[in-house]
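1. here you go, sequence then predicted model.
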Amino acid sequence: MLKKMTMKDVDLKGKRVFCRVDFNVPMSEGNVTDDTRIRAALPTINYLIENGAKVILASHLGRPKGTVNEEMRLAAAAAKLSELLHKDVKSLDESIGEKVEQEIAAMNEGDVVLLENVRFHPGEEKNDEELAKAFAALADVFVNDAFGAAHRAHASTAGIAKHLPAVSGLLLEKELDVLGKALSEPDRPFTAIIGGAKVKDKIGVIDNLLENVDNLLIGGGLSYTFLKAQGLEIGTSLLEEDKMELALSFLKKAEEKGVKLYLPIDVVIVKEFSNDTETKVVKIDEIPSDWMALDIGPETVKLYSDVIANSKLIIWNGPMGVFEMSSFENGTKSVAEAMAKTEAYTVIGGGDSAAAVEQFHVADKMDHISTGGGASLEFMEGKELPGVTALTDK
Ligand SMILES: Nc1ncnc2c1ncn2[C@@H]1O[C@H](COP(=O)(O)OP(=O)(O)OP(=O)(O)O)[C@@H](O)[C@H]1O
Ligand SMILES: O=C(O)[C@H](O)COP(=O)(O)O
């Protein structure tokens, strides 16, 4: 349970509400190419409208490093939101200052404006006190619905919360609820699937999950460091030599905690990193020294799919192979399909895994797809999220 104030704990009628959302969406040629994050914020925005708030939305887009970048303006996101809400959304070209104040003063209850990219100000990422105060001066209430940015202690996610009643939005609440419950009172068997490129990026999450899960399925680039550490030949597959000791300590921890840790038993290998080259499927102890593994093989798919089918709760973060190339997509696709079929409660930890379930058309079969990549990872590592900590206690 979230011990922070929520939108339901404050009177919103006629109030100016500064609502931080994560509209950091993929764009191409000035258009939003994936509106998932905008759609995910609709329940909160509609709630604010229905309760008579004046809705002042704020977001970052990309990493403009404190200067105005024409390609990172939020106007296209405002247009997309307007289309989804069936309502005018005024896109402003600043996020603080006199002009913004005038626009807000002219708002009626239920009106919606979207401020310009907050990262155009250098103070945003520095969590500058003056910028936080300038944001707070625009409003009476702060609502944080930007789960995707909750791991950042920035002026519009954390700093502002010191100066206004600060409450969670519905998306933020839901994300914390689903991920929190999964980690604190999991239905068992509880299985985590961890893939992606590097052990380095998943140290915290593997360490924390080993405290909790029944099964840990490892795939993707990071599995080869584990395999090499066990003395296997991995050819030219991805290796982080300095993480081999750590990989061994994870294997030991799994044994101590009674966690079944699975590594690939067969793989798809190639001689060069290319989609159009000869591929072979080999057993895990048959990788030639000049070949590299870019996907898990069919035996591993079968093994992992069986574990998935026999689980009650599954959390997935990171692809099983180089799924962007069709020759190496099978492992990731099969895991996505096995998750789509299972009766278990399925949680996708954002980022590449969320992209994969979209790509393989099974997104609607998942119980929860997190809108946060980095944020969900940090949450699963057991870290505090500054955007949540900053909210007003109940
Ligand atoms: N065997 C492999 N060899 C090389 N690269 C791999 C292999 N398996 C997966 N990858 C690559 O790993 C990348 C994804 O890993 P990365 O750690 O960057 O993100 P992630 O785990 O999906 O994290 P997030 O979900 O937070 O975005 C993909 O681009 C994929 O091509
Ligand atoms: O896309 C994300 O993960 C969030 O919007 C956070 O973006 P950032 O990594 O640039 O802070």
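-> Okay, I see it. Ligands and ions are numbered 1, 2, ... in the order given.
2. residues of this structure that sit close to ligand 1?
-> 196-198, 201, 220-221, 238, 293-294, 317-319, 321-322, 324, 350-353, 373, 377 (Cβ under 6 Å from any ligand atom). Heads up, the C-betas are built off the backbone N, CA and C, glycines and all.
3. shaky segments in the chain?
-> Within the chain, the stretches with pLDDT under 70 are 1-2.
4. residue of the stretch 251-394 of the chain nearest ligand 1, please.
-> With Cβ to the nearest ligand atom, the shortest gap between the stretch 251-394 of the chain and ligand 1 falls at Gly351, namely 2.3 Å.
5. hmm, that residue is touching Gly373, no?
-> Yes. With contact defined as Cβ atoms under 8 Å, Gly351 counts as touching Gly373 (3.1 Å).
6. quick revisit: now, which of the residues of the chain next to ligand 1 lie close to ligand 2?
-> Gly373.
7. narrow the residues of the chain next to ligand 1 to those in helices?
-> 351-353, 377 (DSSP state H).
8. make a markdown table out of these and add neighbour count and distance to Pro264.
-> What follows is those, written out as a markdown table (neighbours: other Cβ atoms under 10 Å; distance: Cβ to Cβ, whole Å):
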| residue | neighbour count | distance to Pro264 |
| --- | --- | --- |
| Gly351 | 20 | 21 |
| Asp352 | 20 | 18 |
| Ser353 | 31 | 17 |
| Leu377 | 22 | 22 |
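9. next one: the closest residue to ligand 1 within the stretch 51-200 of the chain from ligand 2, what distance?
-> Taking Cβ to the nearest ligand atom as the measure, the stretch 51-200 of the chain has Gly196 as its residue closest to ligand 1, at 2.2 Å. For Gly196, the distance to ligand 2 (Cβ to the nearest ligand atom, to the nearest Å) stands at 14 Å.
10. what about the closest residue to that residue other than its chain neighbours, how many residues nearby?
-> Spatially, and ignoring its direct neighbours in sequence, Gly196 is nearest to Gly318 (2.9 Å; Cβ to Cβ, 6 or more residues apart in numbering). Residues near Gly318, counting by other Cβ atoms under 10 Å, number 25.
11. touching, Gly318 and Gly350? I think so.
-> No. Taking Cβ under 8 Å as the definition, Gly318 is not a contact partner of Gly350, at 10.3 Å.
12. which ones among the residues of the chain next to ligand 1 map onto strands?
-> Judged by DSSP state E, the residues of the chain next to ligand 1 include 293-294, 317 as members of strands.
13. return the member of those nearest to Arg73.
-> Asn317 (31.3 Å; Cβ to Cβ).
14. distance of the closest one from Ser82?
-> Distance check for Asn317 against Ser82: by Cβ to Cβ, to the nearest Å, it reads 33 Å.
15. next: Leu115.
-> From Leu115 over to Ser82 (counting by Cβ to Cβ), the distance is 15 Å.
16. would you verify that Ser334 is located in a helix?
-> Yes. Ser334 forms part of a helix when assessed by DSSP: H, G, I helix; E, B strand; the rest coil.
17. neighbours of it, just the number please.
-> Ser334 has 21 nearby residues by other Cβ under 10 Å.
18. not counting its neighbours along the chain, what's nearest it?
-> Once flanking residues are discounted, Ser334 sits nearest to Val301: 4.4 Å by Cβ to Cβ, 6+ apart.
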